[in-house]
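*Asks:* A structural model of the following input is requested.
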Amino acid sequence: MQDIFDLKENIAQTIRAYHAKGWSPATSTNYSFRESSDANTLFVSRSGIDKSLFHPEDFMQVAMDGHPVLEDRGIKPSAETLIHCILYKLFPETTVILHSHSSNSVVNSQLYNTSIPFEGYEIQKGFAGQTTHENEIQIPILSNSQDMKEFASWMEERKAEFTNHCFIIRNHGTYAWGKNLFEAKRHLETLEYLLEVNSKLKEINR
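*Replies:* Reported below is the predicted structural model:
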């Protein structure tokens, strides 16, 4: 297993890079990882952190129910920590979860009902399990909710649709996950690329 400080630093670098892309404005977005697929705790980004300045010490440790562990009880975790907890529960092999508030994800979420279809794009093979560009894939869209317990129940109900290791929250952003940081990045960046292309096509075809 990678040294935990190195892992924190690598994810912190990724967060800063995503901020530079415009994917985490105004302290938004949240990220997490756990040391192994059978870990009983996870590390999640603290609330209200400027992501352009995110550093390894800006992660805090929480239990799998989202509550801070003893040494971090005085620190506020992300309001969406429960989303991370549910994803680790639904997909036990997951060790890293990434998030984006890209404008392309928000725009696309307004154009479709329950999912966005993609077909014929070479980059679709960036999603684990996809071996050809010829398949039509569907990326789920979930309604937004400030009630995290309600949102968690929606995630559980639609688990079977999360075959490409990502989903979109309407007027909010994207989540993607993987067995390691490399895979989670590949899934998020594949989705964001497809959303960007789709936005440009919609603009051209107006």
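*Asks:* contacting residues around stretch 78-94?
*Replies:* For stretch 78-94, contacts defined as CB atoms under 8 Å, 6 or more residues apart in numbering pick out 30, 32, 34, 37-38, 42, 44-47, 62, 64-66, 97, 99, 148-149, 151-152, 155-156, 159, 162, 165, 175, 177-179. Where C-beta positions appear, they are placed from N, C-alpha and C, glycine not excepted.
*Asks:* among those, which are in helices?
*Replies:* Among the contacts of stretch 78-94, DSSP state H puts Met148, Lys149, Phe151, Ala152, Met155, Glu156 in helices.
*Asks:* and which of these is nearest to Phe118?
*Replies:* Nearest to Phe118 out of those is Met155 (CB to CB; 21.2 Å).
*Asks:* got any ranges where this structure has weak pLDDT?
*Replies:* Applying pLDDT under 70 to the chain picks out residues 1-2, 70-74.
*Asks:* quickly list what the most centrally placed residue in it is bridged to.
*Replies:* The geometric centre of the chain, computed from its C-alpha atoms, lies nearest to Tyr175 (CA atoms, centre = their mean), at 2.4 Å. Counting by DSSP bridges, Tyr175 forms beta bridges with His99, Phe167.
*Asks:* so who does Gly126 touch?
*Replies:* With CB under 8 Å, 6+ apart, Gly126 has these contacts: Arg186, His187, Glu189, Thr190, Tyr193.
*Asks:* any of those buried? List them.
*Replies:* Neighbour-count burial (16 or more other CB atoms under 10 Å) is assigned, among the contacts of Gly126, to Arg186, His187, Glu189, Thr190.
*Asks:* quick revisit: show the buried residues in the ones in helices among the contacts of stretch 78-94.
*Replies:* Looks like these have Met148, Phe151, Ala152, Met155 buried, using 16+ other CB under 10 Å.
*Asks:* just to revisit the earlier point, in helices, which of the contacts of Gly126 fall?
*Replies:* If you go by DSSP H, the contacts of Gly126 have Arg186, His187, Glu189, Thr190, Tyr193 in helices.
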